[in-house]
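Visitor: below are the sequence and a predicted model for it; my questions follow.
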2 protein chains.
Amino acid sequence: MATTFNSVDPRTGETGPAYEEATLDDVRSAVAAAAAAHRSGALGDRDARALLLRDSASRLRAACDELVAVCEAETGLPEGRLRTELERTCGQFEAFAALLDAGDYVEAIIDTPDPAAKPIPRPDVRRMLVPIGPVAVFGASNFPLAFSTAGGDTASALAAGTPVIVKGHPSHPGTSERVARELAAATAGAGLPEGTFAHLPAASLEVAQALVDAPAVAAVGFTGSYAAGRAIADRAAARPVPIPVYAEMGSVNPIVVTEAALAERADAVAEGLTASVANFGGQLCTKPGVVFVPEGAAGDAFAAAVAGRLQAVEPTVLLNERLRDALREAVGRLEQRVERLSGAAEAGGPGFRHQPSAYRAAARDLEAAPELLEEHFGPVVVFLTYGSRDELLAALERLDGQLTASLHAEPGEDVDALVGALSQRAGRVVFDGFPTGVAVTHGMHHGGPFPATTAPAHTSVGMTAIRRWLRPVAFQDAPAERLPLALRDENPLGIWRRVDGELSREPVPARTG
Amino acid sequence: MATTFNSVDPRTGETGPAYEEATLDDVRSAVAAAAAAHRSGALGDRDARALLLRDSASRLRAACDELVAVCEAETGLPEGRLRTELERTCGQFEAFAALLDAGDYVEAIIDTPDPAAKPIPRPDVRRMLVPIGPVAVFGASNFPLAFSTAGGDTASALAAGTPVIVKGHPSHPGTSERVARELAAATAGAGLPEGTFAHLPAASLEVAQALVDAPAVAAVGFTGSYAAGRAIADRAAARPVPIPVYAEMGSVNPIVVTEAALAERADAVAEGLTASVANFGGQLCTKPGVVFVPEGAAGDAFAAAVAGRLQAVEPTVLLNERLRDALREAVGRLEQRVERLSGAAEAGGPGFRHQPSAYRAAARDLEAAPELLEEHFGPVVVFLTYGSRDELLAALERLDGQLTASLHAEPGEDVDALVGALSQRAGRVVFDGFPTGVAVTHGMHHGGPFPATTAPAHTSVGMTAIRRWLRPVAFQDAPAERLPLALRDENPLGIWRRVDGELSREPVPARTG
C-alpha cells in the first residue's frame, strides 16, 4: 500500500489533502528516464529548450488563480506575495529562454592552430560548455514557487540542457504537484523526452537520499537549512563518484549602520529594516539577522524604534509547525543570553505563529557567545552594539560566510575597511538598502562563502546560475563537420566567442596555407 | 632536531642531498602570513601581480641551466624535455600576466537599475570575480616544473590574486626549493607581501593534512594520483568549513581507431601512438592507456606493430621507486588476465626502469574485468578489440570520466554516436591525433568528469584555470566611489563587461532622471 502524507494549513493547523509518497522504484525510474534523455542528446536542441521554458511560464501564468489558492492554504503566505512570486517564477523561465536565444552562455573559445608555436606546436582547440547530466533539485519551503519545483534551479538546469528530477517539498505538496503538471505538459509540448522533467513528492528522507546516491545523477541543487544542505553535501562527497552540490543554506545577513547614517536618516532605516525583518514572517534566506549599531543614545533609540515597529506587526503565520517550533526553541535560547527589546515573543491565535521581535547585545559579547551569530529563521533580529570602529571590525571578523552584507553610511565617510571586510565574507554587498528582494538579473549573485552555500563560486539566482549545470569540453583538431555549431568557423549561431583571445561575433578568418 | 628527507636519482637509485622537512609550525606560519596577505588587499594590485608573474618567468629562465641539472638528477627526465617544460612554465606565467593586462577575467556584469521593473523594482547590481582566499597547491611528480611549485596552479592562483602555499613534492625537492627561491624573490621585487607565496618541503603526510585542514586555506589545487587526490578531497569535504578541491587525477585517455582509419594510415597512427605511450616513460596524465581497435587482421597487425615499436624503445627511467613498484605490481596483475603483445616487461639496468609494453584483450571482456580500464601510470597500453560498432559503444559506456578521449576516423564516416559517447565522458576530444602535449591556450580544457578530476566544471591548464581561485561578489546600489574600478560607469580599465546583458567596452551610458 502506498505511503501518504498530508498538507497542513499553517494558518489553522488543520490537516489538508493526502499526497502519495514517491517510492524508491519511482526514484529509479525517474533517474533512468533522465539518464536516457541526457544520453539521447535530445536536450541539445536549444530552440526546444527555449520553447519549454516559455511554455512553462505561460502555463504557470494561466494556472495562477488555482495555484495561488492551493499555495496560500499550504504556506500561509499572503495572496499578493504569491502572485508576485509566481510572476517572478515565470520571469525567470523567460529570462533563461532569452539567454538561450542569445546563445553565448556556452562560453565558446576558439584557439586557431599555430604549427610554429614554442615549445610545442599549437593545435586547433575549441571549447564550449555542455550539460553536466541529470540534476536533482531540492526546493525550499519558503519560496514555494520561485525556489521550488519550478524555481531557479529547475529553470537554469533545463536551460542548460540537463534533465531535472525535483524532490517535491512536503510543506507544499499540492502546489508542487500542480506546478509539476504544467512543466510536464510543457516538456511534451516542446517535443522533449519524458525524462526531461520528473517530480517526486516525498516527506521521507529515503527518497532524498536515494536521489543523492543515484549514480546517474550528476549534480544537486538545494535551497534550505544548513543541516539539510550539509547532510546532502556530505553524502554527495562520500559517493563512489562524488558530485557537486550547490546548496544555498541561508545566513544572518549582517547590516552595519554608522553613527552618521543614523544621524541623517534613522527613521527611514528603521522602517526599511522592520519590513526586511518581518515581511513574510522573516522567512527569507536574505533576512537581516544581525544589525551592528553604534553604542549610545542614537543606536539605542534606533534599536528601540525598530523593536516598537516589530511589536506593532501582527503575529505572522510561519510556514509549518517544524519551523515554528525550531524558531521558538532558538529564541528561547537567545533570551537566556540577551536583552529582548520588544514585548513577548509568544504569539496567540490558531495555527503556527510568531511575534516579530528584536534583541540586543554588545558586539564584544560575540567572543563569549558566538551563537549570537546563528541564523534565526523567522521575524527576529539581533542588534549588536559596537563601541568603536576597531570593535566593529573585530566583530565582523567573527562572521561566517554570508549571502549578503549591508552597509548604511553617509557620503564622504571612510568605509573602505568596512566594505573590504564585508565583501570578503559575503556574496553580495548592499549599500544603504536591505538584502531581501533578490533581483533576477544578469549580474545578481545569490551565493557566498560556506556556510551560506557549499559552492562559493556559484549563484542560485541570476543568469550565471546556469553555469552550475555545465562543464567544458574542448575539441582538438576536429574536422569542421564534427564540430558543434557554436564552434564552427562561420559562427552560424551568431554568438559572441573568444577567438584567439579576443571577443568577437565574426566568423573565424580563413587561414592561409 | 629537524626531520630530513633525501632526493634520489632514479637513473641510478643513489641517494642525493638531504632536505629539511617543514614542521607543523611552518604550516601555521605560512597560513597565517597568507591569510594576512589576503586580508590586506595588497594582492588586489593587478599590475603588481602581472609584474610578479613576468619577473618569475624571467628569473626561472635565467636559472634554466642550474634548474635543469638539478631536475634531471631528481626525475630522470631528459634535458631536452626539461628545457621545454621550463619554457612552458615561463610561458604560462606570461600568458596569465597578459590575461591580467586584458583584465576581463573578472567577468564584470553591470545591471543598471529599473525602478519600474515588475514584480519588484530592479536595483543597480554590479558583479565581478574576486580572489577566494589562500590556496594550497600540491604539485605533481611527473611535471616537476609545469605542474609543480611554479606550475599552472601556482601561476593561475597568483594571477587571481590569491596567496599560494605550495607543498613541495618530495620526489624533486631540490628543483622545488630552487624554483621557490625565484618566486619568493619575484614576490619581493613586485612589492607584494611575504605571505603571497610560501613553499613547504615535505615527504610526510602530516604537513599535507595540516594544510588541507587549516581554517584560512580557501581552496586546494592538486595534480597527482587518484588515491592522494581523493584523500585530499574527502578531507576537505569533512572540514567544519568544507573548501573546494581542484584535483586532477589522471585517466586512461581512451583512443578509438576505426577500421577505415587503419586502412588509410595504420603506420602513422602506430608511430604517433608509440610516442604518446612511451615518451617520458608514459608518465603523463594524458597518456593513452586503452586503445579500441577493430577485431581481425587489421587491428591485430596494428596492435602488433605498436607492440614491436614499444619493444624497441629503451627501458625508460621512471620518476621514483614508488611509481616503478606500483607499475610493476599493476602490470603483474594485468598479465594474469590478458595477453602481452611485446617482450618481457622486466627491465634491467640501474635505477628504476620499465620496459614499454603492450597488452591485448577483447572489449567484451570489460564486463567481467572492469579493472582493464584502470590507469597504469607508465609506458603501458592495453588494446581492446571490438567486434562491432554496438560492442564498441557498449564498451565506451563503461568508461569512467576521462581527461581526454581520441578518435581516429576517416572523412565521411558516420561517427556522431562515437563523438557523442566520448564527449559525454571526457573533458577533451582529440581528432586524428594524440592527447599528450597539452597546449596552454585560452580554450584548453584539462579536466573532466570524476575520477579524472574532482571538479568537472574546471580546468588546470589554459586561461580559464584562473576561475578556480575566484568567486563572484555583487555590489548593490553602491555609490560610485565605493565601487572597484572594474565596475565603475566610466570603465577606467577599458575591459569587456556585460552591461544590461550586452558585452561592451564602452562606459555605462549616463542615466537620465
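Guide: Happy to help now that I have it.
Visitor: leaving aside the residues adjacent along the chain, what's closest to whichever residue of the stretch 151-300 of chain A sits closest to chain B?
Guide: Here the stretch 151-300 of chain A gets closest to chain B at one residue, A:Ala237, 3.7 Å apart by Cβ to the nearest Cβ. All C-beta atoms are positioned from the backbone trio N, CA, C, and that covers glycine. For A:Ala237, ignoring the flanking residues on the chain, the nearest one in space by Cβ to Cβ, 6 or more residues apart in numbering or on different chains is B:Ala237 at 3.7 Å.
Visitor: okay, the one you found: pLDDT?
Guide: If you check B:Ala237, the pLDDT there is 98.
Visitor: gap between it and A:Gly221?
Guide: Distance, B:Ala237 to A:Gly221, by Cβ to Cβ, to the nearest Å: 18 Å.
Visitor: cool, and A:Val430?
Guide: 24 Å.
Visitor: report how many residues lie close to the residue nearest to A:Pro350 when sequence neighbours are not counted.
Guide: Nearest residue to A:Pro350, sequence neighbours excluded (Cβ to Cβ, 6+ apart): A:Thr12, at 5.0 Å. By other Cβ atoms under 10 Å in any protein chain shown, 15 other residues sit near A:Thr12.
Visitor: A:Thr12: what secondary structure?
Guide: For A:Thr12, the secondary structure call by DSSP: H, G, I helix; E, B strand; the rest coil comes out as coil.
Visitor: wait, it touches A:Gly351, no?
Guide: Yes. Using Cβ atoms under 8 Å, A:Thr12 is in contact with A:Gly351, at 5.0 Å.
Visitor: chain B contacts on the stretch 201-350 of chain A?
Guide: Applying Cβ under 8 Å from any Cβ of the partner chain, we find that the stretch 201-350 of chain A lies next to chain B at A:218, A:233-234, A:237-238, A:241-244.
Visitor: nearest to A:Val179, of those?
Guide: A:Ala218 (23.3 Å; Cβ to Cβ).
Visitor: what's the nearest residue to A:Ala208 once chain neighbours are set aside in contact with, if anything?
Guide: Closest residue in space to A:Ala208, ignoring its immediate chain neighbours: A:Lys167 at 5.5 Å, by Cβ to Cβ, 6+ apart. Counting by Cβ atoms under 8 Å, 6 or more residues apart in numbering or on different chains, A:Lys167 makes contact with A:136-139, A:200, A:202, A:207-208, A:211.
Visitor: can stretch A:369-381 be said to contact chain B?
Guide: No. Contact of stretch A:369-381 with chain B (Cβ under 8 Å from any Cβ) is absent, the minimum separation being 12.6 Å.
Visitor: give me the distance from that stretch to the chain's centre.
Guide: 20 Å (Cα atoms, centre = their mean, to the nearest Å).
Visitor: now the helices for chain A?
Guide: With DSSP state H as the criterion, chain A has helices at A:24-40, A:46-62, A:64-75, A:79-102, A:152-160, A:173-189, A:205-213, A:226-237, A:259-278, A:297-312, A:321-337, A:389-397, A:416-425.
Visitor: what's the least confident stretch among those?
Guide: Of all the helices of chain A, helix A:321-337 has the smallest average pLDDT, which comes to a mean of 92.
Visitor: mind giving me the packing neighbours of that helix?
Guide: For helix A:321-337, the elements it packs on are strand A:353-354, strand A:357-362, strand A:380-386, judged by 3 or more Cβ pairs under 8 Å, 6 or more residues apart in numbering or on different chains; DSSP states H and E.
Visitor: let's have those strands in CSV, adding mean pLDDT and mean neighbour count.
Guide: As requested, the helices and strands packed on helix A:321-337 are exported to CSV (pLDDT from 0 to 100; neighbours: other Cβ atoms under 10 Å in any protein chain shown):
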stretch, mean pLDDT, mean neighbour count
strand A:353-354, 94, 22
strand A:357-362, 96, 23
strand A:380-386, 97, 26
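Visitor: picking that back up, tell me the most packed of the contacts of A:Lys167, by neighbour count.
Guide: Using other Cβ under 10 Å as the neighbour criterion, A:Ala136 leads these with 32 neighbours.
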